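Undergrad: The amino acid sequence is not available; the structure is as follows:
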């Protein structure tokens with residue numbers, strides 16, 4: 001059972017990198033979006049308040065931390081814990097805004113765009129759409145770490161079988177002719193002939209018809 005808990009670090013590489021990048025995007029968008037006139041009011045950079053802490057920084061930190069754990073962990077249980085942390089961070093991006101109104105959190109600010117399409121893009125990229133993508137990749141990591149590969153179930157000291165060609169089994173008189181000691185750099189030497197053995201056609205010194 002202990003052997004099955006070890007996994008190659010490369011298994012969570014793809015999901016881990018994406019979780020880190022998506023978490024950084026979600027956490028930095030409210031602060032750096034005004035540089036590109038894409039984000040949330042006020043139209044000033046690096047404006048901090050507790051609403052942004054609860055709705056953007058906290059879930060982003062969960063996604064980034066979960067992604068780092070998935071990326072570098074070689075233990076199945078620890079990696080799955082990191083994936084679950086990413087799921088929670090992504091889910092909070094989706095439902096955090098509506099739930100936070102229960103304790104009078106107003107939100108990170110109104111979208112900076114002027115059209116409905118721009119408003120939708122800012123909301124999706126900052127919260128609902130972003131959280132859905134984070135949940136997807138975190139769930140993908142969970143699925144990959146839940147699968148136990150064949151190499152992970154094999155005992156670590158099990159010898160590797162030779163994958164070369166097999167030799168036919170030879171019995172009787174011909175076995176003594178082919179089972180002699182090996183000569184360095186040459187073919188196998190025939191075994192000495194026993195008294196009473198008869199030569200057959202095709203052997204050196206055999207009968208010829």
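TA: That came through, no problem. Bear in mind that the values here come from a model prediction, so they are computed numbers and not experimental data.
Undergrad: Sketch out the low-pLDDT regions of the chain for me.
TA: Scanning the chain for pLDDT under 70 picks out 1-3, 149-209.
Undergrad: could you pull out the helices for it?
TA: Taking DSSP state H to define them, one finds helices in the chain at 13-32, 50-52, 58-72, 76-100, 116-126, 128-146, 150-153, 173-178.
Undergrad: other SSEs contacting the fourth one?
TA: Using 3 or more C-beta pairs under 8 Å, 6 or more residues apart in numbering; DSSP states H and E as the contact definition, the elements that helix 76-100 packs against are helix 13-32, helix 58-72, helix 128-146. Where you see a C-beta, it was placed from the backbone N, CA and C, and this is true even at glycine.
Undergrad: Where does the record place the domain boundaries for the chain?
TA: 3-153, 169-209 (automatic domain parsing).
Undergrad: which of the helices of the chain is buried the deepest?
TA: helix 58-72 (a mean of 23; mean count of other C-beta atoms under 10 Å).
Undergrad: and that one, what other elements does it pack with?
TA: So helix 58-72, by 3+ C-beta pairs under 8 Å, 6+ apart, packs with helix 13-32, helix 76-100, helix 128-146.
Undergrad: got those helices as JSON lines, with distance to residue 58 columns?
TA: Listed next are the helices and strands packed on helix 58-72 as JSON lines, based on distance: least, C-beta to C-beta, whole Å:
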{"stretch": "helix 13-32", "distance to residue 58": "9"}
{"stretch": "helix 76-100", "distance to residue 58": "7"}
{"stretch": "helix 128-146", "distance to residue 58": "12"}
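Undergrad: of all those helices, which lies closest to residue 112?
TA: helix 13-32 (10.5 Å; C-beta to C-beta).
Undergrad: can you tell which of the helices of the chain is closest to residue 106?
TA: helix 50-52 (6.0 Å).
Undergrad: what's that closest one in contact with?
TA: 30-31, 100, 105-108 (C-beta atoms under 8 Å, 6 or more residues apart in numbering).
Undergrad: swap in stretch 17-35?
TA: 39-40, 42-48, 52, 56-57, 59-64, 66-68, 70-71, 86, 89, 93, 108-109, 112, 122, 125-127, 130-131, 133-134, 137-138, 141.
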